[in-house]
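K.L.:
Take a look and give me a structure for this.
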Amino acid sequence: MGDVYALEFASWGASYSPARTVALPLSALVLAVLAVLGFLPSRTQRRRRPTTRAFADVGPRRAKLHTTLLTLAAVCSATALVAAICLFPRAATPAQQPPPPPAQAPIDLPAASAIGPGAGIYVDYADGSGGMGCTAGFLVYTSGGQAGILTAGHCNRPGAPSRVTMNLGGILPYTTLGTFSHTVNEGAHDEQHDIGLITLDGDNVPRSSAIAASLPVTGVATNLQVGQQLCKFGMGSGADACGQIVEITASKVVFLASGQCGDSGGPVYLYQRDGTVSAVGILIRGGDPYTPKAGCAARAKFSVAELVRPWLDKWHLTAVTAPSSPG
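P.N.:
As a prediction, the model looks like this:
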């Protein structure tokens, strides 16, 4: 109820539209003139006397005609006045936009927010056209021993390497992590590939191989089967989600887990009996068979991941893992 009353109160005193502003005083002016004209004939009629019998009834007829015209004009003016009040809408009062957030000073990357699978990242496009928020995938090492992290290729744009920063709960500017060194974004259909590699800025960036800094990754999954349970973690959803595998191809796996925009690039994994997980893929897209073009307006009902094993081999990468539990 409070919101309804607030809206009603806000509409009071709103400025009128230009048409309404002109029509109201114009109608009032016409009515005032008609009132004056209606008074004049009565005085003039008393002064005049007909000079002949033939013209004896001209005066009354003129007075009657004059009165009729004044009545019609008054009705038209009154109609215009009512139309001005009812038909011309009040001009909308633009909503007050909240002030932009103040610029924040660069912040240090706390150890608790180490980069790793499931961390939020922000890609600042090299062409200056903006950026995109995504989720970090699995940590890797290049053949030269340089640390990197996998994510979705569509999080980047082709061209010069885009800078990547740590997304710490929406605080800007973020702490710089590294740059894209590989980007593959062929499209969003069938076997079109979608994966990228971010090379981290040396040893200055704290790292954690565990998903969401708490779930150890102990290997890379092989021999996936339809019906197995896969899980994903994304910063857009803010939590993990799991579901059965329904399709496996040479480079993709489709499973029934929900997701939303911002989850792209996040880790897709398979739970092991010892409570650890095996790396499976990088989340690249999702969908809903009942609303195929919902975009970011609704959560996806199924998720699609790019398998990481082929890219580890192609780019000569080694997944960063934690020792598995004994037994």
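
K.L.:
quick one: contacts of stretch 159-167?
P.N.:
109, 113, 115, 119-127, 131, 133, 156, 173-181, 198, 235 (CB atoms under 8 Å, 6 or more residues apart in numbering). For glycine as for every other residue, the C-beta is placed from the backbone atoms N, C-alpha and C.

K.L.:
could you redo the last one with a cut-off of 7 Å?
P.N.:
Outside of stretch 159-167, the residues within contact range by CB atoms under 7 Å, 6 or more residues apart in numbering are 109, 113, 115, 119-127, 133, 156, 174-181, 198, 235.

K.L.:
Would you enumerate the residues in contact with residue 140?
P.N.:
By CB under 7 Å, 6+ apart, the contact set of residue 140 is 148, 149, 150, 317, 318, 319, 320.

K.L.:
Give the burial count for the fourth one, as a bare number.
P.N.:
Taking other CB atoms under 10 Å as the neighbour definition, residue 317 ends up with a count of 20.

K.L.:
pretty sure it contacts residue 139?
P.N.:
No: using CB atoms under 7 Å, residue 317 makes no contact with residue 139, being 9.9 Å away.

K.L.:
Following the chain past the helix or strand hosting residue 149, name the next helix or strand.
P.N.:
Per DSSP states H and E, residue 149 falls inside strand 147-151. Using DSSP H and E, the helix or strand that follows strand 147-151 towards the C-terminus is strand 163-166.

K.L.:
The helix or strand just after that following strand vs strand 147-151, what angle?
P.N.:
Downstream of strand 163-166, the next assigned helix or strand under DSSP H and E is strand 176-185. For strand 176-185 against strand 147-151, the angle by axes from the mean of the first three to the mean of the last three CA atoms, to 10 degrees is 50 degrees.

K.L.:
mind listing what's buried in strand 176-185?
P.N.:
Within strand 176-185, the residues scored as buried using 16 or more other CB atoms under 10 Å are 176, 177, 178, 179, 180, 182, 183, 184, 185.

K.L.:
and the third one, what are its bridge partners?
P.N.:
The one in question is residue 178. Per DSSP bridges, the residues bridged to residue 178 are residue 164, residue 200.

K.L.:
who's in contact with residue 266?
P.N.:
118, 135, 137, 232, 233, 234, 283.

K.L.:
which residue packs closest to the last one, ignoring adjacent ones?
P.N.:
Just to be clear, that refers to residue 283. Distances taken as CB to CB, 6 or more residues apart in numbering put residue 266 closest to residue 283, at 4.6 Å, once the chain neighbours are dropped.
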